[in-house]
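**Q** Show me the folded form of this:
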Amino acid sequence: MKYQIWLISVICLITGISCRHNSRTSRVSLQKELYAFIDSMPGTVGVAFVSEGDTVTVNNGVHYPMMSVFKMHEALAVANTLERSGISLDTILSINRVYLDLDTWSPMLKEYTAERFTVPVSKLLEYAVTKSDNNASNLLFRHIASPTETNAYIRSIAKDTTFRIQYSEAEMKANHALSYCNYTTPLSAALLIKQVMEGSIIGKNYQDSIRKYLSTVTTGQDRLGSVTEGSAIMLFAHKTGSGYRNEAGELIAHNDVGYFRLRDGRSYALAVLIRDFAGTEAEASAIIADISRRVYRHVVSAPENP
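**A** Numbers count the residues shown, from 1 in each chain. I've put the predicted structure just below:
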């Protein structure tokens with residue numbers, strides 16, 4: 001009887017070691033594959049893949065301009081400010097159209113056409129996150145949580161604080177070089193969206209709203225989310241960011257940060273950030289989509305953690 005127990009224990013130990021070895025081998029294999037894929041790209045590509053007990057990074061030591069990815073951070077800071085003040089997401093703001101930028105990416109301008117109008121904060125958050133609306137973002141920064149306040153709050157809750165938010169969309173439009181001052185690493189961004197989708201950061205109603213907005217983003221459908229059709233993915237949430245061109249004619253940034261949940265219950269976060277890219281937006285999106293497919297294949301083929 002003692003021999004049987006000992007034998008079972010040895011088998012379990014060996015099996016556990018084997019599973020951990022296979023997981024480590026698979027992780028190294030994915031990292032090598034990604035490095036090889038991006039090696040000849042006309043720009044710097046950074047990747048962070050995070051799942052339970054499995055983290056892979058590529059070029060994570062670089063600061064990548066966030067562009068509109070920071071609207072995820074902004075939404076959390078705005079929600080936190082409202083919650084601490086006992087203010088509902090349905091709080092109404094009065095807006096004078098004269099203070100809006102009519103020459104920026106702003107789908108909300110088609111809905112709100114009057115010179116003066118009212119809009120609930122929840123609607124501004126929805127526009128800022130789901131449609132990456134620059135006017136909505138500028139209004140939230142101006143009236144509720146500034147870039148400095150957003151930066152301070154996210155640093156207080158983030159698991160990786162290798163990021164900085166200093167300037168609004170309006171300021172970056174006025175001086176494109178300021179885009180480089182709002183930066184993140186892939187790992188910092190991946191960990192944050194995973195925290196938003198799985199953790200408890202702010203009040204449930206506030207956080208559920210942000211989760212809903214991230215799950216209904218309409219921008220960048222040809223990036224990370226291109227892998228979802230016909231796959232085992234049942235939930236996909238993300239935030240994109242796209243930039244201006246620098247003085248060398250390169251795309252300052254082209255990004256997507258996403259969270260995936262599979263039908264079998266497994267989940268993972270993936271951030272793909274591209275900076276100083278000498279190509280088109282379509283080419284940059286194709287790189288992000290290709291990396292997403294490679295990571296998805298890694299996830300579905302990898303053994304589950306023991």
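
**Q** Quick one: the strands in the stretch 101-250 of the chain, in order.
**A** 116-120, 163-164, 183-184, 233-242 (DSSP state E, counting those that start in this stretch).

**Q** Buried deepest among those strands, which one?
**A** Of all these, strand 183-184 has the most neighbours on average by mean count of other Cβ atoms under 10 Å, namely a mean of 26. (Glycine included, C-beta is placed from N, CA and C.)

**Q** Using the three-state scheme, assign the residue nearest the centre of the chain.
**A** Nearest to the mean C-alpha position of the chain, by Cα atoms, centre = their mean, lies V257 at 2.8 Å. Local secondary structure at V257 is given as strand here, using DSSP: H, G, I helix; E, B strand; the rest coil.

**Q** residues touching it, list them.
**A** Neighbouring residues of V257 by Cβ atoms under 8 Å, 6 or more residues apart in numbering: 69, 72, 189-190, 192-193, 224, 238-241, 269-273.

**Q** Give me the buried entries from the residues you listed.
**A** Those of these that meet the buried threshold are 69, 72, 189-190, 192-193, 224, 238-241, 269-273, by 16 or more other Cβ atoms under 10 Å.

**Q** Inside helices: which ones of the residues you listed?
**A** Taking DSSP state H, the ones among the buried ones among the contacts of V257 that sit in helices are M72, A189, A190, L192, I193.

**Q** just those now: which is nearest R297?
**A** A190 (18.1 Å; Cβ to Cβ).

**Q** Could I get the contacting residues of Y112?
**A** Counted by Cβ under 8 Å, 6+ apart, Y112 has contacts I95, R97, V119.

**Q** hmm, back to that, could you dump the strands of the stretch 101-250 of the chain to TSV with mean pLDDT and distance to H298?
**A** Converted to TSV, those look like this (pLDDT from 0 to 100; distance: least, Cβ to Cβ, whole Å):
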stretch	mean pLDDT	distance to H298
strand 116-120	97	42
strand 163-164	98	26
strand 183-184	98	23
strand 233-242	97	14
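
**Q** which stretch among the ones you listed comes nearest I288?
**A** Across the strands of the stretch 101-250 of the chain, I288 has its closest neighbour in strand 233-242 (9.2 Å, Cβ to Cβ).

**Q** mind listing the helices for the stretch 101-250 of the chain?
**A** 108-111, 121-130, 134-143, 147-157, 169-174, 186-198, 204-215 (DSSP state H, counting those that start in this stretch).

**Q** Can I get the shortest one in PDB? Just the C-alpha atoms.
**A** Below are the C-alpha coordinates for helix 108-111, written out as PDB (Å, rounded to 0.1, in the frame of the first residue of the first chain):
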ATOM      1  CA  MET A 108     -20.000  62.700 -31.500                       C
ATOM      2  CA  LEU A 109     -20.200  65.900 -33.600                       C
ATOM      3  CA  LYS A 110     -22.700  64.100 -35.900                       C
ATOM      4  CA  GLU A 111     -25.100  63.500 -33.000                       C
END
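
**Q** ok, residues contacting that helix?
**A** So helix 108-111 is contacted by L100, L102, V119, K123, L124, Y127, K131, D133, N135, A136 (Cβ under 8 Å, 6+ apart).

**Q** that older thread, compare the helices of the stretch 101-250 of the chain and report which one is nearest to A284.
**A** So among those, helix 186-198 is nearest, using Cβ to Cβ, at 14.8 Å.
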